[in-house]
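K.L.:
predicted model follows, preceded by the sequence.
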Amino acid sequence: MQKYNLDDVKRIFTEDHDEDQSLKNYLDDLLALDYIEDERAIGITKKITNQVPANLNDLSPSQVYVFRDYVMKPYYVESCKFCSMPIPWTEMISALEDGYCAHCRHILEKDE
Ligand SMILES: [Zn+2]
């Protein structure tokens, strides 16, 4: 995976529209399903989801790096490995398994 700097991480994990809770929902899912193992990363992720909208603006740089290494690296799928479209937060949990967006997964399953 390519290296993300602090600004990249902040940009990606800050929701730009209030009504869309999909980033918060995804991070809540990761917490609820015990994906995140690092104690510091769990605390930081809770802090992010408590913001409205979810964002990293209250984190120190070192907290952002912990989040990047223990949450973003394992649990962020940037784009579908078949069509290269960005994976929406709502589809990220499924994409963790196979790397596909919902559209491509559907097509590939039909081909089998
Ligand atoms: Zn796709």
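P.N.:
Good, I have the coordinates.

K.L.:
just give me the neighbour total for C83.
P.N.:
11 (other CB atoms under 10 Å). (C-beta placed from N, C-alpha, C; glycine too.)

K.L.:
quick one: contacts for it?
P.N.:
C83 makes contact with C101, H103, C104, according to CB atoms under 8 Å, 6 or more residues apart in numbering.

K.L.:
who wins for most neighbours among those?
P.N.:
Within those, neighbour counts (other CB under 10 Å) peak at C101, which reaches 24 neighbours.

K.L.:
can you check the pLDDT for the nearest residue to that one once chain neighbours are set aside?
P.N.:
Nearest residue to C101, sequence neighbours excluded (CB to CB, 6 or more residues apart in numbering): C80, at 3.9 Å. Reported pLDDT at C80 in the predicted model: 97.

K.L.:
thinking C80 is in contact with G99, fair?
P.N.:
Yes. Assessed by CB atoms under 8 Å, C80 is found in contact with G99 at 7.0 Å.

K.L.:
which ones are touching the residue nearest to the spatial centre of the chain?
P.N.:
Closest residue to the average C-alpha location of the chain: Y76 at 4.3 Å, with CA atoms, centre = their mean. Y76 sits next to I12, M92 when contact means CB under 8 Å, 6+ apart.

K.L.:
look up how far the ion lies from the residue nearest to C101.
P.N.:
3 Å (CB to the ion, to the nearest Å).

K.L.:
and the gap between the residue nearest to the centre of the chain and E109?
P.N.:
Separation of Y76 from E109 (CB to CB, to the nearest Å): 24 Å.
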